[in-house]
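> Provided below for reference: sequence and predicted model.
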Amino acid sequence: MNRSRGWIVTGVALLATVAVAAGSLALGGFDPWEAMRALVSGSLGSPTAIFSITLVRAVPLILTGLAVALAFRAGIWNIGAEGQLYAGAVAGVWVALAAPSSVPAWLLLPGILTVGGVAGAAWAVVPAALRLRAGVGEVITTILMNFVAIHLAAWMVHGPLQEARGVFPQTDRISETARLPVLIPGTRLHLGFAIAVILAVFLWAWLRYTASGFGIRAVGASPDAARVAGRIEDGPTLFRIFLASGAIAGLAGVVQVSGVTFALYEDFSPGYGYTAIAVALLAGLKPLGVVLTGVLFGALEGGAGAMQREAGVPAGWVDAVEALVILSILAADRLIRRGEA
Amino acid sequence: MSGLLDAAIVIAFLEAGVRLGIPLALAALGETISERAGVLNIGLEGAIIAGALGAALGALDTGSPILGVLVGGLAGAAVALVFAVFVVGLNVDQIIAGTAITLGGLGFTAAVYEARFGTTGTALTLPTLDPVSLPLLSAVPVLGPVFFSQAPTAYLTYLLAPALAWFFYRTSAGLQLRAVGEAPDAAAAAGVRVRRIRFVATVAGGFLAGLAGAHLSLAYAGTFAEGMSAGRGFIAIAVVVLGRWNPILVLLAGLFFGAASALQFFLQNLGFDIGYQIFLAVPYILTLAALGGWVGRARAPAALALPWPTRRRGA
């Protein structure tokens, strides 16, 4: 019952989104058919599009989506995945650049991934402590921490971590030994995708088969129960989950550096941490679902470039569509439940 | 070093602080209205950026910055209307819906701007909302140039704060609005139209956020840029907490954070050149410190962010 309703909500929301999206394109004077065709062919039309664009783009979305899903499940409104991702990226790139070249990849890679995760968790400490110690809601504090992280990263790439040439606001490129290996030769798909999928399976199993996971699942199973029993008031548990969520988002940042960009620069993330909220919600906050919706949004964002080139659709339109997905899910869920009551 | 020059730098700093503080205060006063009615509008940022673009387009097409400001306010109200349809009409979660409104507002305005002006990279030049020096008041030493040689939106903000305080605490409509935010069930039992008040309060708050955006594009920058709201919506929400939901204190808190934002220019003038990006983070860090410190436990409206009517049993 509950399960089928989840799929109905997702389906209805997607249909509504496609309808409104096509309508808005037509209103804006674009050819919706041409735009959609460019979107699909640019994201799924060839092996290159699938393995080097869509799936690569999906990696940070799946990881931050898992971070958000875990937190939301526990009633923690972590809107701060964006900042935690930056923290992970900054710390990871820093260690990767500082490490002596004699450090082998088998040591350096796990090292920077760990450092990135720890940095993401550290970034979550402030909002977690403010909620537990001072009773300040985490919605605002996590968002504020995002801006601190983004400006701090900008300062880093203009200052202490700027490339040796000193021309562009970016770091030097990290060494080969600090880069994640490619999964499929000839493509850009890197080990980060496997890490994201394994983490999703791990979270699924943890939620399903362990006592601590069950407690969170019980809260998440019914939004009504969540409203009443809702927030886990057990401080240490809440603190741990908040930090775990931050660590996963931090991992997303360092994986992106180590697998795709090989350097840190200003505006490194096009808002992965915010898109992650749509990714997590569309998946019904289920870890395995996050893998699917992460790929879906990866296709959407990956195809946006083709849509801009071939149909002239502005890039910002995709952000608006993502917002539309969130609102459609909320509305569909509410309306369907109202129909059942 | 002449003392006169130092005074000039300090006055310039304070003037910039007020100029930067006005949009924060305006948006925060708008958020105060909706939060007092129990609606936490995290989509404020989306209303601000819509106001900035609406004002830019309005001023450009009519040639009148005043009409531009009005269009900006209406654009902010329109965004808040969408938000209100979802959170008041459909009772969906306010935090998630607000995040979506912000994301969508930033994306939509960027798309509209790009569709109309392309990606040429040349900045748009707008008819600006110029400062107006108030007679007599602007002649007062220090206070005059700091507070009374500002854009008209500033004077509107100065008047709005006491007007709102009077409305909240001295009128029966204000009492009803506060009742809706504190105890919606009791208010409804007393015959107050809870949903209608929440709806109107949210849209009114969006109008003020739109004016804040209009101030940004027409009075502060003289142009529109994608994402130029730059997180002010979120700072404004924090400003409401700092001002303890009291309009007068909210105005003061907004001006205080304007000054914190202006600090970067001031410190650069004094020769602290360690990279301006680090100063950009200061207002956010200060906000966090203030939230954690002296106002952490200030009491919010009891029904803030809770949907109404509350669902009594599981479906």
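It's in.

> ok, the closest residue to residue A:157 other than its chain neighbours to residue B:145 distance?
Beyond its immediate neighbours in the sequence, the residue positioned closest to residue A:157 (Cβ to Cβ, 6 or more residues apart in numbering or on different chains) is residue A:169, lying 4.7 Å away. All C-beta atoms are positioned from the backbone trio N, CA, C, and that covers glycine. Relative to residue B:145, residue A:169 is positioned 36 Å away (Cβ to Cβ, to the nearest Å).

> just residue A:237 next, same as before
When distance is defined by Cβ to Cβ, residue A:237 is 55 Å away from residue B:145.

> Comparing those two, which shows the higher neighbour count?
When residue A:237 and residue B:145 are compared for neighbours, residue B:145 comes out ahead with 20 against 14, by other Cβ atoms under 10 Å in any protein chain shown.

> show me what contacts the more buried one?
By Cβ atoms under 8 Å, 6 or more residues apart in numbering or on different chains, the residues touching residue B:145 are B:11, B:15, B:138.

> wait, doesn't the second one sit right on residue B:149?
Yes: Residue B:15 lies in contact with residue B:149 (Cβ atoms under 8 Å); the separation is 7.3 Å.

> In JSON lines: the contacts of residue B:145, plus distance to residue A:288 and neighbour count.
Putting the contacts of residue B:145 into JSON lines (distance: Cβ to Cβ, whole Å; neighbours: other Cβ atoms under 10 Å in any protein chain shown) gives the following:
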{"residue": "B:11", "distance to residue A:288": "61", "neighbour count": "16"}
{"residue": "B:15", "distance to residue A:288": "56", "neighbour count": "18"}
{"residue": "B:138", "distance to residue A:288": "65", "neighbour count": "17"}
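
> Now, the residues you listed that are in strands?
Among the contacts of residue B:145, none falls in strands (DSSP state E).

> Would you tell me whether the worst-scoring helix or strand of chain B on mean pLDDT gets close to chain A?
Among the helices and strands of chain B, helix B:276-280 carries the lowest confidence by mean pLDDT, DSSP states H and E, at a mean of 78. Yes: using Cβ under 8 Å from any Cβ of the partner chain, helix B:276-280 reaches chain A at B:277-278, B:280.

> Also stretch B:112-126?
Yes: counting by Cβ under 8 Å from any Cβ, contacts between stretch B:112-126 and chain A involve B:112-115.

> ok, residue A:180 touching residue A:257?
No: in terms of Cβ under 8 Å, residue A:180 does not count as a neighbour of residue A:257; the distance is 9.4 Å.

> The two: which is more packed in?
Neighbours per residue (other Cβ under 10 Å) separate residue A:180 from residue A:257, with residue A:257 holding more: 27 against 24.

> Residue A:174 is in contact with that one, correct?
Yes: here residue A:257 reaches residue A:174: they are 6.9 Å apart, a contact under Cβ under 8 Å.

> Setting aside sequence neighbours, what's the nearest residue to residue A:16?
On the basis of Cβ to Cβ, 6+ apart, the spatially nearest residue to residue A:16 that is not a chain neighbour turns out to be residue A:328, at 4.4 Å.

> residues in contact with the one you found?
Residue A:328 sits in contact with A:12-14, A:16-17, A:20, where contact means Cβ under 8 Å, 6+ apart.

> do the same with residue B:305
Contact analysis of residue B:305 by Cβ under 8 Å, 6+ apart lists B:38-40, B:94-95.

> Can I have the buried ones of the residues of stretch B:112-126 next to chain A as a ChimeraX selection?
Applied in ChimeraX, the following selects the buried portion of the residues of stretch B:112-126 next to chain A according to 16 or more other Cβ atoms under 10 Å in any protein chain shown:
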select /B:112,113,114,115
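
> Throw the residues of stretch B:112-126 next to chain A into a markdown table and include secondary structure and pLDDT, thanks.
Formatted as a markdown table, the residues of stretch B:112-126 next to chain A follow (DSSP: H, G, I helix; E, B strand; the rest coil; pLDDT from 0 to 100):
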| residue | secondary structure | pLDDT |
| --- | --- | --- |
| B:112 | helix | 90 |
| B:113 | helix | 91 |
| B:114 | helix | 86 |
| B:115 | helix | 84 |
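
> now the residues of stretch B:112-126 next to chain A in a markdown table, with distance to residue B:153?
As requested, the residues of stretch B:112-126 next to chain A are exported to a markdown table (distance: Cβ to Cβ, whole Å):
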| residue | distance to residue B:153 |
| --- | --- |
| B:112 | 23 |
| B:113 | 22 |
| B:114 | 27 |
| B:115 | 28 |
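
> Which member of the residues of stretch B:112-126 next to chain A is positioned nearest chain A?
Distances from chain A to those, taken as Cβ to the nearest Cβ, are shortest for residue B:114 (3.7 Å).
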